[in-house]
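K.L.:
Predicted model and sequence follow; I will ask about them next.
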Amino acid sequence: MENFLNECFDLKPKHSSEEALERWRKVCGFVKNPKRRFRFTANLSKRYEAAAMRRSNLEKLRIAVLVSKAAFQFISGVETIESDYVVPEEVKAAGFQLCADELGSIVEGHDLKKLKIHGGVYSIAEKLSTSTTNGLNSDTDLLYKRQQVYGINKFAEAEAKGFLVFVWEALQDMTLMILGVCAFVSLIVGIAMEGWPKGAHDGLGIVASILLVVFVTATSDYRQSLQFKDLDKEKKKISIQVTRNACRQKMSIYDLLPGDIVHLNIGDQVPADGLFVSGFSVLIDESSLTGESEPVMVNADNPFMLSGTKLQDGSCKMLVTSVGMRTQWGKLMATLSEGGDDETPLQVKLNGVATIIGKVGLFFAVITFAVLVQGLFMNKLQQGTIWSWSGDEALKMLEFFAVAVTIVVVAVPEGLPLAVTLSLAFAMKKMMNDKALVRHLAACETMGSATSVCSDKTGTLTTNHMTVVKSCICMGVREVGNNNKASLYSEIPESAVKLLLQSIFTNTGGEIVINKDGKREILGTPTETALLEFGLSLGGDSQAERLASKLVKVEPFNSTKKRMGVVLELSEGGLRAHTKGASEIVLAGCDKVINSNGEVVPLDEESINHLNATINQFANEALRTLCLACMELEKGFSPDNAIPLSGYTCIGIVGIKDPVRPGVKESVAICRSAGITVRMVTGDNINTAKAIARECGILTDDGIAIEGPDFREKSQEEMLTLIPKIQVMARSSPMDKHTLVRQLRSTFDEVVAVTGDGTNDAPALHEADIGLAMGIAGTEVAKESADVIILDDNFSTIVIVAKWGRSVYINIQKFVQFQLTVNIVALIVNFSSACLTGSAPLTAVQLLWVNMIMDTLGALALATEPPTDELMKRSPVGKKGNFISNVMWRNILGQSFYQFMVIWYLQVKGKAMFTLDGPDSDVILNTIIFNSFVFCQVFNEISSRNMEEINVFKGILDNYVFVAVLGCTAVFQVIIIEYLGTFASTIPLTCSQWFVSVFIGFLGMPIAAALKTIPV
């Protein structure tokens, strides 16, 4: 079975090829209910449609750019251009001068001619009744008018299915439809022969059973769909920085309207179509929209920005022009959302199991029907009545057919793939409460097999609440505290303070703004925030510093260069460059330093040693170190030139404290006991990284800490011995992280989880088995490439995700073990009985009830078990583990053998055992067999809670779903036996018969416990 599953039903957790997705669908030949079975699989036709849309978008853009260039060259030589555009009356009445279609044609068509006709970006802002400085007015009536004219920033989604749709889909089951026809014929023949109501009992019994199965199935499926709907809403929550009413504020992208001024930084997704207002070094990745991987430079000459594209570099201000379904991204997303998620490896594997067992079941059903019919024909031949048929004999034939069909119902475990979805939906909902948002279903499963976690330091292992606590300015090391900031200011020469404040407030990716409440707020990364707070504490004025000089060029922070820089045009004339970044890298580019008198002096060996010793001292105290430097530039500097990397004057070094998160050390210890290796991969100084890693329990005595540049130089042979020992990688570039992940996955066959927050982490997140993006610090690009978003950026949440992943895997194994046991016993009992006695002990109605116990109710009970701490004390499954393990086969075959022997004994010796005689003896015996069989499943369900431990009652009351399902099953069984005999072909039992039935079921538990002691 495993070989067949690996050959036809093997799917990667991520980036599966279309061929693999098509292949397993073709192998699934026998499916009872395709609508239900394939509900949570990808819609490949919609995906092909989306790919065609991307190709079409690329072609449109190419043509638009060419036409636009030609038109621009033409209009460059023309002084004035007449516009034939007429503003629609309803747009004028609302107070605007441009309609949605005109705006859309400018941006989507990259139409420079139209842009010039309308007077450029600032003129378009005026026509939209907005300000590029202050943004929109938040007056509700004005915003409503704007919505009416331009629409909202949401794309069309398929309507949510109602409960009745799920009922209808559950009714599409082919075997249930055949049984429905049997029930109808049975009703007609029964009523014709025995009259109403006696003749209708068998037919109505089957109808009632079908309806019960359909409604229970539909209810379970409907609840799942609601859970996925809630999770989809969470996935789509994206916030963006917007200026409205002259205040910077965070806002959902779905509230954006044309005229809004949006602030975008590296890694952000462009939330709507718009025009570039101002910014620096903006590179746009349009691959999500067009499939084109080459980034596009956006500036005042090419100001068009399309929704759904991503900022690969730079930062800018954008004027929103088109939203929602008026953008190409809106149309593409509407199609893509119908394409659905890839199916998970377990879903596909269990589709394979269902296919194999389905074929076996179909074979047995045909044989059973043939044997039963042959028995009836032989009987009639002996009696010589082969050509004369009574109504009873016709009903008998119909009953045989119904039993054969019901064997198929029970034998085809249609619920297996859906149990995966149920378990995943349950786990995803619970993980959401634990601050982990799962973007791809497969990540839930894969995380349970993780053997290695490569974690960032900042914000994941540490709190990301940063403050400057030490500084070395003008060669003097000083503590920075709330009490001594005034004295610190007085100790530093005025000229040096002036340069320091200019560096802090101009060379920054952060911003100090006034929020809606009129209070001062610092926006930006925690590092930028810490520096800006330090600047403010020294008496600096951010606004004054920015106005005192003009920004000529900005190079945003880059994790490859590990520095950022700006060039300023000073008010007194001249150009000055400021840079800041990784201390040893920036210091290596300095040849001068400001001394204790505030004078610029050459950087001699003694000064270099002093500064390097200071950097190491700060780093050994687990402080993050940054070096700030500046240089005067010659007049000939052009904004097209790169900012120099050397020739700087060192202003100073700051040490930033970022405390380790509470609980991280314990979480790392849990990972270690669970067989998961934790590695720290950071861009920080190696001494800082080692200090934090020791504090977290990551770096041990036999572990290695290495720097990215050294790691890059290693040969493949050296990496083979080095990688297993690496516990810390410092000063790493995104490609170092990518290389480490690739080596761990390919060379060492590990299942790797990787955390990331920056745009440059996207390749590693994409390469890893499980990409974990940070919800707070993470960019949209990182989140897009990730499988799970850690909403609180906390390492402890990663451990919770691993625990839930293991829980999903184990729960599905429990359910498969339970269901295969019922499959095997139900098949063999009915088949062997039909062959040897000429009748089936379990009727169609009884088998439908058993099917519901093992399918929908069994999945609810076993697939929703919450995780326990014990799960993190066992080794991970890894890539090599078989899903149906030897332990499972031992339990399945042992339990099946016991149940079959007991039921067979009851069939052969039951009448003598219970001293049954008289006309009702067969019905009573079959009722006892049915009752014993059901209670065998009830107690086997309890035994399946733990496949290896003997104590299966531990934590049973914590899972109220499990207790409720068991309780309902037992209560319904009593009702069926005692009160629904006419429909279910049962008869009320005596107390002693009830006791024996329940005891036979209970006896399965000690047998299951004994089986668990057999080593496999």
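P.N.:
In hand now; what should we look at? Numbering: from 1, shown residues only.

K.L.:
Now the most far-flung residue of the chain relative to its centre. Its backbone dihedrals?
P.N.:
Most distant from the centre of the chain: G384, at 68.8 Å, with distances by C-alpha atoms, centre = their mean. As for G384, its main-chain torsions (degrees, to the nearest 10) stand at phi 70, psi 30.

K.L.:
Settle this for me: L231 is touching K430, isn't it.
P.N.:
No - using C-beta atoms under 8 Å, L231 makes no contact with K430, being 11.2 Å away. In short, each C-beta sits where N, CA and C put it, glycine included.

K.L.:
For the stretch 201-350 of the chain, which segments count as helices?
P.N.:
Ranges of helices in the stretch 201-350 of the chain, per DSSP state H, counting those that start in this stretch, are 201-235, 287-290, 328-339, 345-383.

K.L.:
what's the answer for the stretch 451-600 of the chain, then?
P.N.:
Using DSSP H, counting those that start in this stretch, helices in the stretch 451-600 of the chain cover 485-491, 494-506, 526-537, 542-547, 583-588.

K.L.:
got JSON lines for these, with distance to T467, mean pLDDT and mean neighbour count too?
P.N.:
Output for these, formatted as JSON lines (distance: least, C-beta to C-beta, whole Å; pLDDT from 0 to 100; neighbours: other C-beta atoms under 10 Å):
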{"stretch": "helix 485-491", "distance to T467": "12", "mean pLDDT": "70", "mean neighbour count": "13"}
{"stretch": "helix 494-506", "distance to T467": "14", "mean pLDDT": "92", "mean neighbour count": "20"}
{"stretch": "helix 526-537", "distance to T467": "5", "mean pLDDT": "90", "mean neighbour count": "21"}
{"stretch": "helix 542-547", "distance to T467": "18", "mean pLDDT": "88", "mean neighbour count": "14"}
{"stretch": "helix 583-588", "distance to T467": "17", "mean pLDDT": "93", "mean neighbour count": "20"}
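
K.L.:
closest to N351 out of these?
P.N.:
Comparison of the helices of the stretch 451-600 of the chain against N351 by C-beta to C-beta identifies helix 526-537 as nearest, at 46.3 Å.

K.L.:
and L231 and K430? which has more neighbours close in?
P.N.:
For L231 and K430, the more surrounded residue by other C-beta atoms under 10 Å is L231, and the numbers stand at 19 against 16.

K.L.:
what about that one, distance to Y254?
P.N.:
From L231 across to Y254, the span is 17 Å (C-beta to C-beta, to the nearest Å).

K.L.:
next one: G330
P.N.:
11 Å.

K.L.:
between these two, who's got more neighbours?
P.N.:
Between G330 and Y254, counting by other C-beta under 10 Å, G330 is the more crowded of the two (21 against 15).

K.L.:
OK, contacts around the more buried one?
P.N.:
154-156, 307, 323-324 (C-beta atoms under 8 Å, 6 or more residues apart in numbering).

K.L.:
among those, which two are most distant?
P.N.:
Maximum pairwise distance in the contacts of G330, criterion C-beta to C-beta, is 14.4 Å, between A156 and S307.

K.L.:
So those two - more neighbours on which side?
P.N.:
Ranked by neighbour count (other C-beta under 10 Å), A156 and S307 place S307 first, with 30 against 13.

K.L.:
Wait, that one touches T327, no?
P.N.:
Yes - here S307 reaches T327: they are 4.2 Å apart, a contact under C-beta under 8 Å.

K.L.:
Mutual contacts of the two, please.
P.N.:
Residues touching both S307 and T327 (C-beta under 8 Å, 6+ apart) are 272-273.

K.L.:
quick one: least confident of the contacts of G330?
P.N.:
Least confident of the contacts of G330 in the model: A156, at 69.

K.L.:
Determine which stretch of the helices of the stretch 201-350 of the chain is the most buried.
P.N.:
Stretch with highest mean neighbour count among the helices of the stretch 201-350 of the chain: helix 287-290 (a mean of 21; mean count of other C-beta atoms under 10 Å).

K.L.:
hmm, back to that, can you convert the contacts of G330 into JSON lines and add a column each for distance to E19?
P.N.:
Shown next, in JSON lines, are the contacts of G330 (distance: C-beta to C-beta, whole Å):
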{"residue": "K154", "distance to E19": "35"}
{"residue": "F155", "distance to E19": "30"}
{"residue": "A156", "distance to E19": "31"}
{"residue": "S307", "distance to E19": "32"}
{"residue": "V323", "distance to E19": "38"}
{"residue": "G324", "distance to E19": "35"}
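
K.L.:
which among those gets closest to I504?
P.N.:
Lowest distance from I504 to those (C-beta to C-beta) belongs to S307, with 35.1 Å.

K.L.:
Tell me both backbone torsions, phi and psi, for the closest one.
P.N.:
The phi/psi pair for S307 (degrees, to the nearest 10) is phi -60, psi 140.

K.L.:
OK, contacts around it?
P.N.:
S307 neighbours (C-beta under 8 Å, 6+ apart): 270-273, 289, 322-323, 327-330.

K.L.:
thinking again about what came up before, quick one: which of the contacts of G330 sit in strands?
P.N.:
If you go by DSSP state E, the contacts of G330 have nothing in strands.

K.L.:
Once you drop chain neighbours, what's closest to T682?
P.N.:
K457 (3.9 Å; C-beta to C-beta, 6 or more residues apart in numbering).

K.L.:
I'd like the distance between the one you found and G267.
P.N.:
19 Å.

K.L.:
Go ahead and confirm P413 touches I357.
P.N.:
Yes - in this structure, P413 is within contact of I357 by C-beta under 8 Å, at 5.7 Å.

K.L.:
Could you tell me which residues touch both of those two?
P.N.:
Common neighbours of P413 and I357 (C-beta under 8 Å, 6+ apart) are 820, 823.

K.L.:
For this structure, which residue occupies the most central location?
P.N.:
R439 (1.9 Å).

K.L.:
can you give me the strands in the stretch 51-200 of the chain?
P.N.:
Using DSSP state E, counting those that start in this stretch, the stretch 51-200 of the chain contains no strands.

K.L.:
Hmm, I typed the wrong one, I wanted the stretch 601-750 of the chain.
P.N.:
Using DSSP E, counting those that start in this stretch, the strands of the stretch 601-750 of the chain run over 623-633, 648-657, 677-681, 704-707, 726-730.

K.L.:
Which residues does stretch 632-641 contact?
P.N.:
Against stretch 632-641 from outside (C-beta under 8 Å, 6+ apart): 552-553, 567, 574-577, 644.

K.L.:
cutoff 6 Å now
P.N.:
552-553, 575-577 (C-beta atoms under 6 Å, 6 or more residues apart in numbering).

K.L.:
And those, which two are furthest apart?
P.N.:
The distance between the two most remote of the contacts of stretch 632-641 (C-beta to C-beta) is 11.5 Å, for K553 and R576.

K.L.:
quick one, domains of this structure?
P.N.:
As assigned by the TED database, the chain contains the domains 52-153+256-336, 163-227+345-422+810-1013, 436-462+661-793, 467-657.
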